[in-house]
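Colleague: sequence first, predicted coordinates after that:
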Amino acid sequence: MNLANKLTILRIFLIPVFMIFLLNKISYGVEIAAIIFIIAAITDALDGYVARKKNQITTLGKFMDPLADKLLVSAALISLVQMGKLSALVVVIIIAREFTISILRAVAAAEGVVIVASWWGKLKTITQIVAIIVILIDNFPFKYINFPFDVIMIWVAVIFTIISGVDYILINKHILKH
């Protein structure tokens, strides 16, 4: 197993650790969870960089990387709903898109086609991660100037989530015609 895939698997293993700190009454648990989330998010950028730089792009990595992203983001979003910090509507929209694109990828894979992350998909992931981090850190430092950066970012993430989902479907609609 190459370094890029190890980083992806590390991200998956960080998810329950993140949730333990976030959802339990642990001193500085939310802050520690935010740090763990940021580390996990950094592994997302790092695994792709390592895979390209060292020519370690694998079929496993092409499937595991987006899955790890979906698991991390979904776990964070669902946890934030449980904590009362995020609307379930936002989470349903984001997770519905993730299921839809995962199904599209599975259908493509059955036909021997690998759908790699698009620019819109990467932008979606970045905005979701930023939104989650800002919500986790309680809109710091923007709360001191009464600027709802957290609210703005989550809706920007929702918009990019929808756009990227539509983009994947339109680009790969030929796969659904079989």
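Modeller: Sure, I can see it.

Colleague: who are the packing partners of the helix or strand encompassing Phe63?
Modeller: Using DSSP states H and E, Phe63 maps to helix 59-82. Where contact means 3 or more Cβ pairs under 8 Å, 6 or more residues apart in numbering; DSSP states H and E, helix 59-82 is packed against helix 3-23, helix 29-53, helix 88-110, helix 119-136. Where you see a C-beta, it was placed from the backbone N, CA and C, and this is true even at glycine.

Colleague: what average pLDDT does the first one get?
Modeller: In other words, helix 3-23. In this model, helix 3-23 has an average pLDDT of 96.

Colleague: that one to helix 119-136, inter-axis angle?
Modeller: 30 degrees (axes from the mean of the first three to the mean of the last three Cα atoms, to 10 degrees).

Colleague: got the contact list for Ala68?
Modeller: Ala68 is in contact with Thr8, Ile9, Arg11, Ile12, Asp44, counting by Cβ atoms under 8 Å, 6 or more residues apart in numbering.

Colleague: excluding chain neighbours, give the residue nearest to it in space.
Modeller: Nearest non-adjacent residue to Ala68, counting by Cβ to Cβ, 6 or more residues apart in numbering: Arg11, 4.5 Å away.

Colleague: one step back: what's the angle between the helix holding Phe63 and helix 119-136?
Modeller: Here helix 59-82 points in a direction 40 degrees away from that of helix 119-136 (the same axes, to 10 degrees).
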